[in-house]
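A.B. asks: structure for this input, please:
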Amino acid sequence: MKKILIFLLGFYIGAVIFMPKKAIFYKIQELIPQINIEAQTKQTPISLNLQNVKIFYASIDSADIKKVKIFPFILYNQADIYDLNVKSINLTLKNIKIIFTPFYPIKAFIFGDNLNGFINLKERKIHITFKNPPSSIRGFLKKTEKGYVLDERY
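C.D. replies: This next block holds a predicted model:
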């Protein structure tokens, strides 16, 4: 039993270290053709780092991100986003963390300095609560006792 556990742990660690992180990133870009992401990429044994990210939606420069760190640990996946600037609504978010685990495959959770929420992948719904949103997006949000809420379908 102990040898089996050691083998499984070794296999898991090997899968994380040798996973082709850049290839997975480019494959995801192929699957979503209306979104184009330009970035400087660097793969480490446990993460994929993106620097100076530009996001284009339908060939329109939509957002800039200073740095993204993606940790694909298979059983627990995390993306740390630093300095997201959405150009169309003049929104800047400093630190965002997105977490997904296959043990709860219906939702991806979002945490940030000024926000928290989730993306319901089954219902195709985004629910984000802002504590103190910038005035540029308050018109799009619903005010509740917990803060300002973005509740949209995609």
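
A.B. asks: show me the domain layout of this protein.
C.D. replies: Following the assignment in automatic domain parsing, the chain carries domains at 1-99, 104-154.

A.B. asks: now mean pLDDT and mean neighbour count too, for those, in JSON lines please.
C.D. replies: In this view, the C-beta of every residue, glycine as well, is placed from N, C-alpha and C. Output for those, formatted as JSON lines (pLDDT from 0 to 100; neighbours: other C-beta atoms under 10 Å):
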{"stretch": "domain 1-99", "mean pLDDT": "95", "mean neighbour count": "13"}
{"stretch": "domain 104-154", "mean pLDDT": "94", "mean neighbour count": "14"}
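
A.B. asks: how far off centre is stretch 96-110?
C.D. replies: 9 Å (C-alpha atoms, centre = their mean, to the nearest Å).

A.B. asks: pull the residues that contact the lengthiest helix in the chain.
C.D. replies: Among the segments of the chain that qualify as a helix by DSSP state H, the longest is helix 2-18. Helix 2-18 has contacts (C-beta atoms under 8 Å, 6 or more residues apart in numbering) with P45, I46, P72, F73, I74, L75.

A.B. asks: off-centre distance for the following helix or strand past it?
C.D. replies: Downstream of helix 2-18, the first helix or strand assigned by DSSP states H and E is helix 21-31. Distance of helix 21-31 from its chain centroid, counting by C-alpha atoms, centre = their mean, is 14 Å.
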